[in-house]
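Student: Any chance you can model this:
(chains A, B and C)
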Amino acid sequence: MSKKYLPLAATIAVFLAIFLIGGANYNNFLTTRVLGNILADNSFIIIAAIGATFVILSGGIDLSIGSMIGFVGVCMAVLDSMGWNPVATALVMLVFGILFGALQGYIIDFCNIQPFIVTLAGLFLLRGMCFMVTLDSVPIRHDWVADYASWKIGLPGKGVLRSSAIVMLVSLVVAIYIAHFTRFGSAVYAIGGDRESARLMGVNVRRTTVKIYALGGFYSALAGVVYALYTSSGYPLAGSTLELSAIAAVVLGGTLLTGGVGMVAGTLFGGMILGLISTLIIFNGSLNSAWILISSGVLLFAFIVMHRFLVSSFDLKGAK
Amino acid sequence: MVAEIDQSACIEMRQISKSFPGVKALDSVDFKLYPGEVHALLGENGAGKSTLIKILTGALERSTGDIWVDHNKCDFRTTGDAQSAGISTVYQEVNLIPAMSVTKNLTLEKISGRFGYVSWRKARTMAREKLKRLNVDIDIEQPVGSYSVAIQQLVAIARALDDDTKVLVLDEPTASLDAQETANLFAIINDLKSKGIAVVFITHFLDQVYAISDRITVLRNGKKVGTDLATNISRKDLIAMMIGRELGDVEAAFSTKGTGATGETVLQANQLGKKRTLDGFDLELKAGEAVGLAGLLGSGRTEMCKLIFGAIKADTGNLVVFGNSTNRTNPRNSLDLGIAFCPEDRKSEGLVGELSIRENIIISMQSKQGWLKPISRKEQERIADEMIASLGIATPDADKPVGQLSGGNQQKVVLARALASSPKILLLDEPTRGIDVGAHAEILTLIRKLCEQGLALLVASSELDEVVASSDRVVVLRDRAKIGELQAGSITRDNIIQMIAGTDNV
Amino acid sequence: MSSVSQPSTPVWKRISQSRAIWPILALVVILIVDGFISPNFYNIRIVEGRLFGNLIDIVYRAVPTALVALGMAIVIGTKGIDLSVGSIIAISGAIIAWRIQAGDNHVVILAYAVIAGGLCGVWNGTLVAFLGIQPIIATLILMVSGRGVGMLINLIYGGTDPSFESAFLQGLSTGSIGYIPTRILLFIAIFIALWLVVRKTALGLFVESVGGNAAASNLAGINARRIIFVSYVICGVMAGWAGMIMTADTHTSDPVSVALYIELDAILAVVIGGGSLMGGRIYLGMTVIGALVIQALTTSILISGLPPEYNLIIKALVVLFVLLLQSDNARKQIVALFRGKHNE
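Tutor: Residues are numbered from 1 along each chain as shown, chains lettered A, B, ... in the order given. Next comes the predicted model:
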C-alpha cells in the first residue's frame, strides 16, 4: 500500500475503534440509527470541513467558516420572516458564499499575505454583519422547511438518512469528483505540494487560489444553509469557533495541514470521529462536555505528530 | 530601424532587458534559436542566464524588448503561455511536486476533458508514452519524491516534451548526474535534435558544452558577450569570454602564495565521516596555511566543511583541535573551540537579510558569549566599523539591512562575522561564488593576509584556477570521498583534473 | 547615496521614514475623531482616589490584550504564531478559581496562574521547536483542547459555582495606587521586565535572527530550537498574566467564553505595530500602541452610540487596510492608478 493512503487508513481505523468501543459499552450504540443520527447531527460540520479540505490541501487555511455559517443562518431567517422562499434565499446565500470566498482568495494571492490573516478579517467581517442583520434568534417558519426535514431514506436496521445527511453525502461525492477527477483538483494538490513548482508547471496559481477559496466559501455557505434548515432558525452567534471543528475534522481525516497530501473522503471520517466522540460522551451521561474538547485535542495531537513523521518520510521539499 | 526578422529562426529575442530593484539583470540582450540546434548558454553566476531563460519561458516578465516565436510576436505572461507556444523548460532545481505521483506530475495541466474532467486511464497512457520516449521504465503510481534526482530529472524532461514542443530549455540538467546518467541524457538530447527540436542547454561544465552544442552564447553581467558556432570558439577564448579577462591575468593577480612557513598542527580529523554524506577522511590543518578543497559539484566539499564545523553530525571518527580530542558536534561548540565557518549559500545559510550589517557581524561573537552577556551597542558599533573598514565593505553605515548589499559585500559580511568571533581555524565554502571580479580578487588577497596572521584556512572552491592559485596544499574529493592530497610543488590544474578523473573506469 | 555616514539626518525625515509613525498616527487620529464625537472625551477626573476618564479607560481595558500581544510579538518574531493564548487564559483562570476555593494564599495563587501559563508555553514550545510541527498547527492542539482542560479543572472542586471572592484580586481589577489603576502599574512593571529581558540581554537579537533565518542562525552558533522554545514559554507566561487580570475582573472562571478571539486581537496588535508575520523583528513598544489602537476603536464605537457589534466590522476593515498597506502589489496598483490619472 502506498504511504499516501496511510493517514486515511489510520483515520478509518480510529473511527472503527471508537465505534466498536461504543458498541462494547452501550447496548444500542452499534446500530444504523446511531450512525444515521451522527451523520445528520454533524452534517454541517462535515460540509464545511469538505470545503476546508480543499483550502488546506492547497496549503492555506480558512478561518471565516464559522462566521459564514452564522451569517447565512441569520440571513435565511430574516429573509424568511420577510416572506422569501427558503430555496431562493439558499441560492442567494450560496452565490454570496462563492463571491465572498473568491474575494478572500484574490486578496490572499494578490497581496501575497498569509491566508490566516485574510480569512481572519473575513471572520470578523461576517460575524459583525451577523449582528447588523439581527441581534436575536429568529425562527424560520416556511412550510418548505418542515418538508425538507421530513425527507429521509431508510437504512438497513432502524436507522434513517435524514435530509441534512443526504445533502452532505451528495456534496461529498461532488467534492471527491472535483478533487480527484478534474484538472482543478490536481492543481490544488500541486499548489499545496509546491507552489512555485506548480506555477512553473503551468498552473495558474492566482485563478486556482481564487477558485479554491470560492469553493471553500460555497461549502461554508452550504453548511450554513443546512444548519439553518436543521435548526429552523438563525442566531447571530451560531457557528462560533466552528472553523476549529472543521479544521480538526480535516486533520483527523488525514489531510496534512502543510498541504499537498490528503483525501476528501477522509474528511467524512474525520468529522464522524468528532461526532462519535460527542455521541459517546452523551451516551455515558456522567462525563462532562469538557471531555469532547480534550479528546479531540488528544486525537488531533496524535494525528499531527503522525503526519509530521510521515511528511519527513515523504521527503517533501516544503516540509519544514 | 527595425531589422527584418530572421525567417529561419524559431525563436528570436531582441533587445531584452530586465531590471530588479537596484540591479539590471539583463541589458539589451539578443538571442536567436534555430530548429534542430543545441545552443549552449554560458556565463558565470549572476551573468543573467536564468533571467533570460525565465523571460523566454514566461516565468518572469521582461522590462523591455520583443520576442518572436516562429515569426509571430509573442507576449508571455505565464509559463502556460510559453508552453502553449511550444517552449518547455526543465529548471535547475527540478520543479516537480514530490508528493504527487509520477502520472500526476507528468500530466498536470496537460490533460483535460469536458468541464475539466481528467480521465486517469488516459493520463496513465499519456504518462507511459512520455516516459517511453526517453526509455524510462518506472512505476508511475509512486510519488516522484521517492525516486533519485536523476530519475526526477528525466521525469521533468518527459513532462516538458509535448508533441508540439519546439524548444526545450535545460537549465543545468547535469549538475547532479553522474557520467553514465549524463551520457544517457546526451543521447536523448541528440535524439530530440534530430527531430528538429531546438535545445537551450545551460551548464557550467565546459567539456559538456563542446560535447553536445552547435552554437554557444556567452553572457556576462547581464550583457551578451557573443554568439558563435562551437567549432569557432576555442576553449581558451570561451573562458576569456566568460570571465572577461585572459586566464593568465587572473592567475597572476591571485598567485600570491604563502611563504610555506607553516606552524603547528591545529586541527586533525581522524576518519571523520557520515554515512551517505562523506566517507571517513583524515585531514590536518596547520597554523598559517591555506588548504584548498577541490572537486566537482556534489563531491562532498560543503559536507567536509560542515562535518568539521559540526553543522552535520559525524557518525564515525573524531576531531582533534589544539591537541584536545573532542566529541562536540554543534556549531556553538566549534565556535568556542576557535573554528569559524562561512557557508556557501549566503542567502539561505549565511546572512539574516532583515538584520543590519552590524547585527550580522556580531551575532556569532554574541552567541559565543551567551545571551546573558550582551555586547553593548557601543562595542557592537566599534566592531562593525572596524570590520567594515578592514574588509572594505562598501556601505554608508553599519545599520543598513544586510540584504540590500551587493553579493561581494554580503560575502564580506559573512567573513566579518566569522572573523569577529576571533577564530584560529577558518572554513570557507566557496568564498568567491557569485561575486564580481574585483571583489573576487579582494577576497583572495584577504585569505592570504589571514594566513600570514597565523590562521589555518580550509577553502572549498569549484573554481580550479582559484584553488591552484591560492592554496598551499590541495585536498581532492570525488564522489563523496577524499581521494588524495597535493603538496605545494605539485599543485597544477592538470594534476587536480588527473586526480578527479583518476582511475575512474565508469 | 554618499558613503559617508550621516548621523544628522533631519528629524522630520527620520520620523516620516520610521515605521513607528503610522500606528501612532492612527491612534492620534482615532482619539481626535473621538474628541469630535464626544466633547468631554478628554476629561479626566478623580473619583474615590482613582483617575477616571475615557483615555484612562482605553489604557485600562487594553491591558489584557496588550499583555498577550507582547508575548505574541516575541513568538511572531521567531516566525511563529500562538493560537492557544485564549485557552491558556482559560486554564490559568480555572486554576485561580480552583486554588481560591481550596483556600490557598491569594498571592501564591498568582504564581500558580503564571506558572500554568509557562507550562502551556512549554507544551507549545516542545511541539514547535523539538518536534518541528508548524506553529499554527502545533498551537491549534492546545487551542482546541485548552478550554476543555479549564472546564475539567472547574469540575475538580464540584464545578457548580466557580465564582469566588477575593479582596486581593478585586484590588487588581478595580483598585488603584496613588490615583493610577493598579493593573496599569502592573502592566508597566511587566512591560519593563520583558523589555529588559528582550533588549538588555541578547535574547531579542537571537529571536530576530532565528526568525529572519533559522538555518543561518544555527550556523552562527545560535541554538535556534532553544530560542524558539523560550519564546513560546514567554508567550505562555504573558497569557498567564492576562488570565489573572481577566479572572480578577469577572470573579469567576468561565473557560468556555473567556478571552474568546483574544489571539486574533493580539496578532492584530502586533501587525498594527509594524511586526511582520514573516518574523525577524520585535517591536515591543509598538505592539502596545497596536493594542491601544484596537481598544481605542472599540471605545470610539461605544461612545458614538453605534451597536458594539460594529466593532467586528471595523476591526476587519482595519485588518484589510493594514494588509493592503503592507502589500507591495497593492501599493504598486494604487501608485499606478494615480500615475495613470496624472498622465492623462
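
Student: need the residues of the stretch 301-450 of chain B near chain C, please.
Tutor: Within reach of chain C by CB under 8 Å from any CB of the partner chain, the stretch 301-450 of chain B has these residues: B:309, B:311, B:330-332, B:334-335, B:341, B:343, B:348-355, B:359, B:363-364, B:366-375, B:394-397, B:417, B:421. Quick note: C-beta positions are derived from backbone N, CA and C, even for glycine.

Student: among those residues, which are in helices?
Tutor: Taking DSSP state H as the definition of helices, those contribute B:309, B:331-332, B:334-335, B:359, B:363-364, B:366-369, B:417.

Student: Any chance of a ChimeraX selection covering the buried ones in those?
Tutor: The ChimeraX selection below is limited to those of these classed as buried (16 or more other CB atoms under 10 Å in any protein chain shown):
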select /B:309,331,332,334,335,359,363,364,366,367,368,417
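
Student: mind putting the ones in helices among the residues of the stretch 301-450 of chain B next to chain C in TSV, pLDDT included?
Tutor: Converted to TSV, those look like this (pLDDT from 0 to 100):
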residue	pLDDT
B:F309	92
B:P331	90
B:R332	89
B:S334	90
B:L335	91
B:E359	93
B:I363	93
B:S364	92
B:Q366	92
B:S367	90
B:K368	89
B:Q369	88
B:R417	93
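
Student: now the ones in helices among the residues of the stretch 301-450 of chain B next to chain C in a markdown table, with distance to chain A?
Tutor: Shown next, in a markdown table, are those (distance: CB to the nearest CB, whole Å):
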| residue | distance to chain A |
| --- | --- |
| B:F309 | 21 |
| B:P331 | 19 |
| B:R332 | 21 |
| B:S334 | 23 |
| B:L335 | 24 |
| B:E359 | 24 |
| B:I363 | 21 |
| B:S364 | 23 |
| B:Q366 | 25 |
| B:S367 | 22 |
| B:K368 | 27 |
| B:Q369 | 29 |
| B:R417 | 24 |
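
Student: Show me which residues of the stretch 1-150 of chain B sit near chain A.
Tutor: Within the stretch 1-150 of chain B, the positions adjacent to chain A are B:59, B:78-80, B:83, B:89, B:91, B:95-100, B:104-105, B:107-112, B:115-120, B:141-143, B:145-146 by CB under 8 Å from any CB.

Student: what about 7 Å?
Tutor: Residues of the stretch 1-150 of chain B lying near chain A by CB under 7 Å from any CB of the partner chain: B:59, B:78-80, B:83, B:91, B:95-100, B:104, B:108-109, B:112, B:116-118, B:143, B:145.

Student: ChimeraX command for the buried members of these?
Tutor: Selection of buried members from the residues of the stretch 1-150 of chain B next to chain A for ChimeraX, criterion 16+ other CB under 10 Å:
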select /B:59,78,79,80,83,91,95,96,97,98,99,100,104,108,109,112,118,143,145
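
Student: Helices - which of the residues of the stretch 1-150 of chain B next to chain A land there?
Tutor: Cross-referencing the residues of the stretch 1-150 of chain B next to chain A against helices under DSSP H gives B:79-80, B:83, B:104.

Student: For A:T53, state which of the residues you listed is nearest.
Tutor: Set against A:T53, the nearest of these by CB to CB is B:K104 (17.6 Å).

Student: excluding its backbone neighbours, what's nearest that closest one?
Tutor: A:S186 (5.8 Å; CB to CB, 6 or more residues apart in numbering or on different chains).

Student: What helices and strands are in contact with the helix or strand where that neighbour lies?
Tutor: Per DSSP states H and E, A:S186 falls inside helix A:183-193. On a contact count with 3 or more CB pairs under 7 Å, 6 or more residues apart in numbering or on different chains; DSSP states H and E, helix A:183-193 meets helix A:43-57, helix A:163-181, helix A:195-200, helix A:205-231.

Student: how about 8 Å then?
Tutor: Judged by 3 or more CB pairs under 8 Å, 6 or more residues apart in numbering or on different chains; DSSP states H and E, helix A:183-193 is in contact with helix A:43-57, helix A:163-181, helix A:195-200, helix A:205-231, helix B:102-107.
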